[in-house]
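Student: One predicted model, sequence on top.
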Protein chains: 2
Amino acid sequence: MVNPLLAPELRELLAEKKYSELCEFCESFHPAQIAEFLSALTPKEIWEILSRLSPSLRGEIFSHIDEDVQLNMINTLGREVMGKLLSEMPPDDRVDLVKHLPERQREAIIPAMAQAEREDLRRLIAYPEGTAGSVMTSEYAVLNPDLTVEDALLKLRREAPNKETIYYSFVVDENHKLIGFVSLKDLIVAPTGARVKDIMYEDVIFARAYDDQEEVARLIQKYDLLAIPVVDEQNRLVGIITHDDVMDILQQEQQEDVEKLMAIGGSHEVGVYTKLSTWDHFKSRIPWIVVLALMGFVSGLIIQNYESIFLQVAILASFMPMLTGTGGNAGSQSATLVIRALAVNEITIRDAFKVLSKEFRVAFLMSIILAAIAYLRVMAFYGQAALPPSVTPLKVGLAVAIALALQVITSTLIGALLPLVAVSVKVDPAVVASPLLATMVDIFGLLIYFNVARLVLNL
Amino acid sequence: MVNPLLAPELRELLAEKKYSELCEFCESFHPAQIAEFLSALTPKEIWEILSRLSPSLRGEIFSHIDEDVQLNMINTLGREVMGKLLSEMPPDDRVDLVKHLPERQREAIIPAMAQAEREDLRRLIAYPEGTAGSVMTSEYAVLNPDLTVEDALLKLRREAPNKETIYYSFVVDENHKLIGFVSLKDLIVAPTGARVKDIMYEDVIFARAYDDQEEVARLIQKYDLLAIPVVDEQNRLVGIITHDDVMDILQQEQQEDVEKLMAIGGSHEVGVYTKLSTWDHFKSRIPWIVVLALMGFVSGLIIQNYESIFLQVAILASFMPMLTGTGGNAGSQSATLVIRALAVNEITIRDAFKVLSKEFRVAFLMSIILAAIAYLRVMAFYGQAALPPSVTPLKVGLAVAIALALQVITSTLIGALLPLVAVSVKVDPAVVASPLLATMVDIFGLLIYFNVARLVLNL
C-alpha cells in the first residue's frame, strides 16, 4: 500500500538534511507503516532515507515495500545498492522478490550480494514453489544442548537483531541435526545453572523441506506455534517457518481454492486484481470458459435429440433452466462442503460411504420440498399452454416434480462424490468440482428430465 | 481429533496407579497431542489423569480436547469438577465452550467457577459474536512505565504460567489506559538500568473491542504481530488477541465466504461437516435452493413468453443451456475476483469505475473467442434441423454468436457490479453474488437471446 500522507514532510526533512529526525521517525513506527509512507517517494528518495538506517531495520522496511515499488527501485538504483539491500532483507522475503525478477536482472543483481546471503539465496530458491522449503527462512536461532541457560540467553541477546525470532530456539547436535527446542519463556523461567538439554522439549513438532506448505501451515495452526523447524532428509535443521508466513500461506491457499471452484486459472496470487493486465485476466479466465461452453454444447446435443418432446409439449422447455439450475446449486453445495471438510482434514477418502449416505439423506429431504413446489408451480401457471389431448396439467406437474426430485438427489451425490474421487487419484478436488460437476449435472439432469417426461406423459 | 493409539497404555498406567509416569508423559508432549490421546478415554479416566497435573497445564490440555468430548465431560463429571476445569482454561477458549452450552447447563456451572474467572467470563461473553471482544483473552501481561527492565523481567518470569503470552507486554497508566508496548526481545536487549518507558513503543497498533474480528485479523497479518491489544471506548486495555486466534478467524471467514458464494446458509463453522445432523445440513441448504428454484421459474416464464420462437426454429432451444451456463460462469469469475479483491482490501468502492472498465475489456476479449466458437458449432451441427424458408444456418449461427457475446459481456459486468453495490450498501458481497447473480444472468441472458434471435432471424 502507498500512503502519501507524510510525503511532503519527508521530502522537507530530506531537503533540509535533517537525517537524525528522519531516522528517529523510521524507528518509532512499525516497519510496515514506514514502508507505506516511503512508497509515495521516488526510488532515489527512498534510498536516501533507507541508507541512513541500521542494516536490519533497512532490510525490514524494504521487505515491506510494495513489490511494484521494489521492482522500480531495482530498475533505478543500480546493482551495487540493490545487492546491498537484498543482502539485508529477511531471507524468505528476499527469495520471494528474486523469484519475481526477470532472468536477466536476477543474473545481474545476485553477484552484487554479500557471499553468505548469495549462497543462502541459491539454497532457498532451489525448493519448488508450494513446499515448506520455499517459504522458510534461514535466520533462526540455534543453541548447543550443553549451554547453560545464562549463556543461551546471552547468545540470543547478541543475535536478536539478525534472527527472525528469538522466542523459539532450536537445539542441534554437532551434525546440525535437530534434537530439541526451547522457548524464550522456558529459558527465562528456568532455574539458574540449568543447561539447555535439561529444559528442552525433545518431542519437537517439525516439517520436512519438501512437505506441502499448506500441511505445514495446518501444523502450526493446530499446535498454536510461533514457528516450526524444517529439516532435510538427514533430519538436519535447514530453516524455520514463522507464524506470520502461515497466514499468508493460508490466505494464498484460500484464494486458490475459491478461484479454482469458480473456474479461474492462473497463478492465484493474492491482492493482484488491479495489477494484472487485461490480457493476464483474459488468459486466466478464458480456458475454463471455453471448456465449459464446449461442454454446454453436449447438453445442446441432448436437447436436439429430444426436440420432438418440446414440439409436442412446448411448456416443458420452460422448466429446463430451473431444473438444471437447481441441480447445479445442489451439486455445488455438497461439493463445497465436502471440499472444505477434506481441506481442513475433517474427513478423508475412507469416510466416503458416510459422506454419501449423509448427502443422500439431505438431498432426499430437499427433493420432497422442491418436488412439491414444482408441482404447485406447474398447476398454478400452466395457463394457456397448448397440451396434446393425452397430456393433462396434472401429469405435467407430476413429471416436472419427479424429474426435479431425481435431479436434486443425483446432483447432490455427484457433487459429494467428485471431490472424493479427485482426492483418491491425487487431483485437487477444487478444480474438478466446478467444470466437471456443472457438465455432469446438466447432462444427467436433461436425461432424467426427458426420460421422466416420456414415461409419465406417454410421449 | 481422537487418537486411540495410546489408550491401552494410558489405561494400564491408570490401573497400576503410576501417576508420576502419567504426569511425565503429559508434560513431554504438546498439550494438543495429549488432548488427542486423552480423547480416546472415558470422561472419568480423562479427569483422573488431568486432576494430577498442574492447573495451567490441565486447563491448556482441556482446552484442546474436542468439543464433543468436553461436553460429554461436562455431562458426566458434575458441576464442582467442571467449575474447576473451566476456571483453569484460557479465558478465550472458556468463553467459546460456555457459549456452546445449553442455557440450563450454563446456569448450573458458572456459579461453581472461581469468582475472578466467573466475572471475567461474564465480561467476555457479553461481546457480540464476530467482534474483537468476542475472541480476545484477558490473560495478558501488563507493565508499569516506571518499572526498570530488570524488575519487568522478574515480573514476567513470575507471571509467565498464567499469561497467554509474555512475548508482548502492554504498558498502561494508572487508569489502565494503553500507553505503550514492549516485546520480550526489547526487554532482553535493553541496557541495564533502563526503564520500561524508555524503551517502549508509544505508537501501538491496537483494536477496539467492537471492531470486526476479520479487520483485526488483517491488522495482525499486515504487521506480523504476535498479539494485538484491544481497548474500550476510554482507551483502557481490556484484552489481547493472539496470532493463533487470527488463523482460526481467517479460516472461519474463509469458510463463511466460500459457503455464502455457494449458496449455503447456517453458522459456517469450520470442521463440523460430520458433526452436523442431516437435519442441520438440510436447514442450512434448503433456503437458498428454494429461493433459487423460485427464481428459476422467472426464467421459465420468460421462455413461456417467447415459446413461439422455439416452435418456429426448434434448434434454438438446444443452445439455451450453453448460453445461460456460459453467462453464469463468466459472471461468477468476475464476481469471485472482485469479492476477493474487496476482502483483502485491495480495492474499495471508489475503484468501481476502474474495475468495471477492466472487466469490460476482459469480457470483450472473451466474447470474441466464444462468438467464433458458437458460430462454428452451429455451422457444423445444424444437421437435419428443420428451418423455416427465411432462416438460413448462417443466420442462426450469427444470432447465437451475437447473443453469446452480449451475454458474456453483460454477465461479466453484472458479476463485477453486484459485489461493489453490496459493499456500498453494507451487505456482505459474498451473499448477493451467488443467488442474485445467477438469476440476473439467466434473465438477461434469455432476454438477450430471444431478442437477438428475433431481430437477426426476422421472427
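Tutor: Yes, it's here.

Student: Wait, A:Thr148 touches A:Gly193, no?
Tutor: Yes. Using Cβ atoms under 8 Å, A:Thr148 is in contact with A:Gly193, at 6.6 Å. Placement of C-beta: from N, CA and C, glycine included.

Student: who's more crowded, the two?
Tutor: Between A:Thr148 and A:Gly193, A:Thr148 has the larger neighbour count (other Cβ atoms under 10 Å in any protein chain shown), namely 15 against 9.

Student: how about the residues of the stretch 51-200 of chain A near chain B?
Tutor: A:Leu153, A:Leu156, A:Arg157, A:Ala160, A:Pro161, A:Ile166, A:Tyr167, A:Leu184, A:Lys185, A:Ile188, A:Val189 (Cβ under 8 Å from any Cβ of the partner chain).

Student: hang on, isn't the third one packed against B:Asp186?
Tutor: No. If you go by Cβ under 8 Å, A:Arg157 and B:Asp186 don't touch, sitting 11.1 Å apart.

Student: ok, A:Ile49 to chain B distance?
Tutor: A:Ile49 sits 18 Å away from chain B, going by Cβ to the nearest Cβ, to the nearest Å.

Student: That residue: neighbour count?
Tutor: 22.

Student: which non-adjacent residue is nearest it?
Tutor: Once flanking residues are discounted, A:Ile49 sits nearest to A:Leu22: 5.6 Å by Cβ to Cβ, 6 or more residues apart in numbering or on different chains.

Student: same question, A:Asp203
Tutor: When the adjacent residues along the chain are set aside, A:Asp203 lies closest to B:Phe29, with 5.4 Å between them (Cβ to Cβ, 6+ apart).

Student: before we move on, what about A:Leu447?
Tutor: A:Leu447 sits nearest to A:Ile302 (Cβ to Cβ, 6+ apart), 6.6 Å away.

Student: roughly how far out does whichever strand or helix holds that neighbour sit from the chain middle?
Tutor: Taking DSSP states H and E as the criterion, A:Ile302 maps to helix A:278-305. Relative to its chain's centre, helix A:278-305 lies at 25 Å (Cα atoms, centre = their mean, to the nearest Å).

Student: Flag every buried residue along that helix.
Tutor: A:278, A:281-282, A:284-286, A:288-289, A:292-293, A:295-297, A:299-300, A:302-304 (16 or more other Cβ atoms under 10 Å in any protein chain shown).

Student: rewinding a little: can you pick out the residue with more neighbours from A:Arg157 and B:Asp186?
Tutor: Regarding A:Arg157 and B:Asp186, a neighbour count based on other Cβ under 10 Å identifies B:Asp186 as having more, with 19 against 14.

Student: Surely that one and B:Ile199 touch.
Tutor: Yes. Counting by Cβ under 8 Å, B:Ile199 is a contact partner of B:Asp186 at 5.4 Å.

Student: Name the residues of the helix or strand of chain A with the lowest mean pLDDT that are buried.
Tutor: Within chain A, no helix or strand scores below helix A:307-312, which has a mean of 81 by mean pLDDT, DSSP states H and E. With burial defined by 16+ other Cβ under 10 Å, the residues of helix A:307-312 counted as buried are A:Glu307, A:Ile309, A:Phe310, A:Gln312.

Student: what's near enough to touch the closest residue to the third one other than its chain neighbours?
Tutor: In this structure, A:Phe310 finds its nearest non-sequential neighbour in A:Ala317, 4.8 Å apart by Cβ to Cβ, 6+ apart. With contact set as Cβ atoms under 8 Å, 6 or more residues apart in numbering or on different chains, A:Ala317 has these partners: A:Phe310, B:Ile303, B:Glu307, B:Phe310, B:Ala317.

Student: Apply 6 Å and report the result again.
Tutor: Neighbouring residues of A:Ala317 by Cβ atoms under 6 Å, 6 or more residues apart in numbering or on different chains: A:Phe310, B:Ile303, B:Phe310, B:Ala317.

Student: Would you mind stating the distance between it and A:Asp211?
Tutor: Applying Cβ to Cβ, to the nearest Å, the value for A:Ala317 to A:Asp211 is 53 Å.

Student: A:Glu103: neighbour count?
Tutor: As a burial measure, A:Glu103 scores 7 neighbours (other Cβ under 10 Å).

Student: same question, A:Arg52
Tutor: Neighbour tally, A:Arg52, other Cβ under 10 Å: 13.

Student: now swap in the one 4 residues further on and tell me
Tutor: Each residue near A:Ser56 was counted by other Cβ under 10 Å, and the total is 17.

Student: Please apply the same query to A:Tyr140.
Tutor: Here the count is done by other Cβ under 10 Å, and A:Tyr140 has 23 residues near it.
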